[in-house]
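Q: What follows is a predicted structure for the sequence shown.
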Amino acid sequence: MVSAPVYDKSDAKIQQTFPFHLPLTPEWSEYKDWYSQTAMTSAGAGMFIKQPLIIWSSLILAVIGYVNQQPLRAPKDANSPLLVLGMAFAGIITGLFPKMTLAPAVVETPVPAQ
């Protein structure tokens, strides 16, 4: 009878758990997502000052942050990329909403004939 070698010599009946951690190499180090942080800040600033260029650029940065997300390397206090996208869309809505609302109807008065 041929058996495979057993590398783990510990007792299988022990219910001891070992915490999972990522390797301590540079490619697994914590990754700060500057795109999402900049997009969240610029969306808020664009809503505050009502500047469409800043708001649209925050949407572009939010999409880049969503595509570039690395959930295993994200720090524990990082924002969700979907939250950042929602903030960018909220900025676009608040920036465009005053332009989309209907203006009051203009009442034309007839010009008296001379």
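A: That came through fine.
Q: quick one: the residue nearest to the spatial centre of the chain from Met87, how far?
A: Closest to where the C-alpha atoms of the chain average out (CA atoms, centre = their mean) is Pro81, at 2.4 Å. Distance of Pro81 to Met87, computed by CB to CB, to the nearest Å: 11 Å. From N, CA and C alone the C-beta is placed, and that goes for glycine too.
Q: what residues do these two have in common as contacts?
A: Ala62 (CB atoms under 8 Å, 6 or more residues apart in numbering).
Q: where does the protein dip in pLDDT?
A: Low-confidence segments of the chain (pLDDT under 70): 1-2, 4, 6, 8, 12, 18, 22, 102.
Q: give me that answer again for 90
A: Across the chain, the ranges flagged by pLDDT under 90 are 1-37, 50, 68-81, 95-114.
Q: can you map out the helices along it?
A: Using DSSP state H, the helices of the chain run over 34-49, 52-67, 81-100.
Q: Against which helices or strands is the last one packed?
A: Taking 3 or more CB pairs under 8 Å, 6 or more residues apart in numbering; DSSP states H and E as the contact definition, the neighbouring helices and strands of helix 81-100 are helix 34-49, helix 52-67.
Q: Can you lay out those helices as TSV showing distance to Lys9 and mean neighbour count?
A: Formatted as TSV, the helices and strands packed on helix 81-100 follow (distance: least, CB to CB, whole Å; neighbours: other CB atoms under 10 Å):
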stretch	distance to Lys9	mean neighbour count
helix 34-49	46	19
helix 52-67	46	18
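Q: Save those as JSON lines, and put in distance to Pro98 too.
A: Formatted as JSON lines, these follow (distance: least, CB to CB, whole Å):
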{"stretch": "helix 34-49", "distance to Pro98": "12"}
{"stretch": "helix 52-67", "distance to Pro98": "11"}
